[in-house]
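In: Just to be clear, the model below is a prediction. Sequence and coordinates:
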Amino acid sequence: MIGDLEGKVAFVTGGASGIGLALARVFAEAKLKVMLADIEERALDAALENLKASGVEARGVVCDVSDRASVQRAADQTFAAFGNVHVVCNNAGVGVGGPIESIAPVDWDWIIGVNLMGAIYGVQAFLPHIKAHGEGGHIVNTASMAGLIGPPGIAPYNASKSAVISLTETLAAELAGTEIGVSVLCTAFVRTRIATSARNRPPRFGARLDEPANPQMAALVDAGLDPTIVARRVLAAIRENELYILTHPELRSAIAGRFDQILAAFDKSSI
């Protein structure tokens, strides 16, 4: 467990809006210093201006989490600005949908590159540093309830988030007994800008799109949970070193149904 958070440093990807920006504000309330990383430079500048106007000690760095070198540069700039980093939130995420058979390979590459590889690059850039400074730390990877339930129509998103859950569980097992905690955040709909995440799509992954690809999904996101509620839940989980961070209790029955099927399959294996 990391212990007292006051004066510690947090690094947050996808920090210019949504859950990432809410994390920055909640961390600042807890007296942490914050480095925001985001691919969207204008939104990042606006977020920093807002935070600094509130007296928050925050800085920002433009970062494409699907690019290993970009993540490492962001880490190096964070070390240069603040010294030791203690809390790392691999939060940036994107989404695209459609029937599995018709989703283009470049869409898979983009989703996996951001949602899964972004988390991997973040862990690899910061974990050796946290181990070396010996002051304790905590890593939070943002997954999704979609990684546990597998709803239709968003296969790349589901697959990437399921992989993030497995990655985090493995990391927790490897760090058990150390002063470095690990959590995975699994939300359902939260009021973020993920429905228009293609606005920031790097050219190597195809054309940008300013409008939501799925207006119905965008409406569900707009009606979702306040990201500040999610951020406060994350802060509590860091303090208590909780592996799983869940935010939508109404989905408990769906998860129970999944595990009922798994247990039933175990029962059949013994016949």
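Out: Arrived safely, thanks for sending. Numbers count the residues shown, from 1 in each chain.
In: Would you enumerate the residues in contact with Ser102?
Out: Shown in contact with Ser102 (CB atoms under 8 Å, 6 or more residues apart in numbering): no residues. The way it works is simple: take the backbone N, C-alpha and C, and place the C-beta from them, glycine included.
In: Apologies, that question was intended for Ile2.
Out: Ile2 is in contact with 8, 86-87, 136-138, 179-181, 238-239, 241, counting by CB under 8 Å, 6+ apart.
In: I'd say Arg48 and Gly60 touch.
Out: Arg isn't right for residue 48; it's Leu. Yes - Leu48 is within contact range of Gly60, at 4.7 Å (criterion: CB atoms under 8 Å).
In: Show the residue spans covered by the helices in this structure.
Out: Using DSSP state H, the helices of the chain run over 18-29, 41-53, 68-82, 105-111, 118-133, 146-149, 155-174, 215-222, 227-240, 252-269.
In: Pipe the ones you listed into a markdown table and attach mean pLDDT and mean neighbour count per row.
Out: Shown next, in a markdown table, are the helices of the chain (pLDDT from 0 to 100; neighbours: other CB atoms under 10 Å):
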| stretch | mean pLDDT | mean neighbour count |
| --- | --- | --- |
| helix 18-29 | 97 | 24 |
| helix 41-53 | 95 | 15 |
| helix 68-82 | 98 | 18 |
| helix 105-111 | 96 | 18 |
| helix 118-133 | 98 | 20 |
| helix 146-149 | 96 | 19 |
| helix 155-174 | 98 | 19 |
| helix 215-222 | 78 | 14 |
| helix 227-240 | 98 | 19 |
| helix 252-269 | 95 | 10 |
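In: Gly3: which of the ones you listed is closest?
Out: helix 227-240 (8.9 Å; CB to CB).
In: Let me see the residues that make contact with that closest one.
Out: 1-2, 5, 18-19, 21-23, 25-27, 30, 87, 89, 138, 140, 181, 183, 185, 187, 190-192, 242, 245, 247.
In: Using CSV, write down the CA coordinates of that helix.
Out: Extracted C-alpha coordinates of helix 227-240, given in CSV (Å, rounded to 0.1, in the frame of the first residue of the first chain):
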residue,chain,number,x,y,z
PRO,A,227,-16.6,10.9,-14.1
THR,A,228,-15.9,12.6,-10.8
ILE,A,229,-17.7,9.7,-9.1
VAL,A,230,-15.5,7.3,-10.9
ALA,A,231,-12.4,9.2,-9.9
ARG,A,232,-13.3,9.3,-6.3
ARG,A,233,-13.8,5.5,-6.4
VAL,A,234,-10.3,5.2,-7.9
LEU,A,235,-8.7,7.3,-5.2
ALA,A,236,-10.4,5.2,-2.5
ALA,A,237,-9.2,2.0,-4.2
ILE,A,238,-5.6,3.3,-4.3
ARG,A,239,-5.7,4.0,-0.6
GLU,A,240,-7.1,0.6,0.2
